[in-house]
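> heads up, no residue letters with this:
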């Protein structure tokens, strides 16, 4: 049994943890989040300002009752030797056929987090304010930061120093812990013991279902309604858009739109989607359809419109990664 955090810590972080927990974390993730969460939460407690050595920006650890352990130890884990489905110290970690497959699955996994910061070029597309950021920026950034986590650990960085060393974007220790766990699981599983404070010491490669869909799973259609003409030569065309996600996974995507009209300089050129207030990044659940209605106005007699998913600007959430037991023939890493 892992030790329980104290009541105040559970109250402060429980709801956040539920919001950002990725689908079906393997057993290693659960233990590591607790270990990291407690370490990072105590280091950033609100009750302290500067550390005793005077370094600005560091926080003193909150006091604990004598004899109380707030992070798991190898003794807590037991000594099972039956494999990753038998519990600690074994932990199943994903094994992929290629680097590209690993990157795709990792991005799909962490894209499920709900607390990405807005207003950043790298991560904004996954936030509630996606303007000025593309999903491809997010994809590159999270892979870069995952590798930075592994590099920080390889350089001997203490666990509480990893978020800063890797430049992680999260403001709270829960998000930091979750990202570090996933980064290690995918990119440096041989460091599992460091992340879990020694609880899980033998990562076992586990073959994955590399089942992330491609853009063909997204069906986009647009129709133009009855046009209206004004006496001053101004034309208005209402239109409706549908984008159906035929896959078994939710998807975050960005759209493009183009219009055709005689004399229109940008006729047939792909541009921004929708009206000026339209969201440029939307999430469509598995098997669901995103709908949008708008109006195009101007001096041109609008003929027709088309909509598509911007090339490369989509990510399916939770695909390509099957956490849990089921090792391949590989030996423990």
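All right, it came through fine. Keep in mind it's a predicted model, so treat the numbers as computed, not measured.
> The residue nearest to residue 188 when sequence neighbours are not counted: what secondary structure?
Nearest residue to residue 188 in three dimensions, chain neighbours excluded: residue 150, at 3.7 Å (Cβ to Cβ, 6 or more residues apart in numbering). (C-beta placed from N, C-alpha, C; glycine too.) Put simply, residue 150 is helix when judged by DSSP: H, G, I helix; E, B strand; the rest coil.
> Ok, the one 3 residues further on next?
Assigned by three-state DSSP, the conformation of residue 153 is helix.
> And residue 277, by the same measure?
coil.
> what mean pLDDT would you report for stretch 230-242?
Mean pLDDT, stretch 230-242: 88.
> An error on my part: the question was meant for stretch 307-322.
Stretch 307-322 comes out at a mean pLDDT of 94.
> now stretch 147-165
93.
> Any buried residues in that stretch, and which?
Under the neighbour-count criterion of 16 or more other Cβ atoms under 10 Å, stretch 147-165 has 148, 149, 150, 152, 153, 157, 159, 160, 162, 163 buried.
> Next, the distance between the ends of that stretch.
11 Å (Cα to Cα, to the nearest Å).
> quick revisit: quick check, nearest of the buried residues of stretch 147-165 to residue 306?
Of all these, residue 306 sits closest to residue 148, with 40.0 Å by Cβ to Cβ.
> next structured bit after the host helix or strand of residue 145?
Assessed by DSSP states H and E, residue 145 sits inside helix 135-154. Using DSSP H and E, the helix or strand that follows helix 135-154 towards the C-terminus is helix 162-166.
> what helices or strands is that following helix leaning on?
Helices and strands touching helix 162-166, by 3 or more Cβ pairs under 8 Å, 6 or more residues apart in numbering; DSSP states H and E, are helix 135-154, helix 173-187.
> go with 7 Å
helix 135-154 (3 or more Cβ pairs under 7 Å, 6 or more residues apart in numbering; DSSP states H and E).
> Tell me who's in contact with residue 191.
For residue 191, the contact set (Cβ atoms under 7 Å, 6 or more residues apart in numbering) comprises 150, 153, 184.
> Residue 285 - nearest residue in space that isn't next to it in sequence?
Nearest to residue 285 is residue 250, by Cβ to Cβ, 6+ apart, at 5.0 Å.
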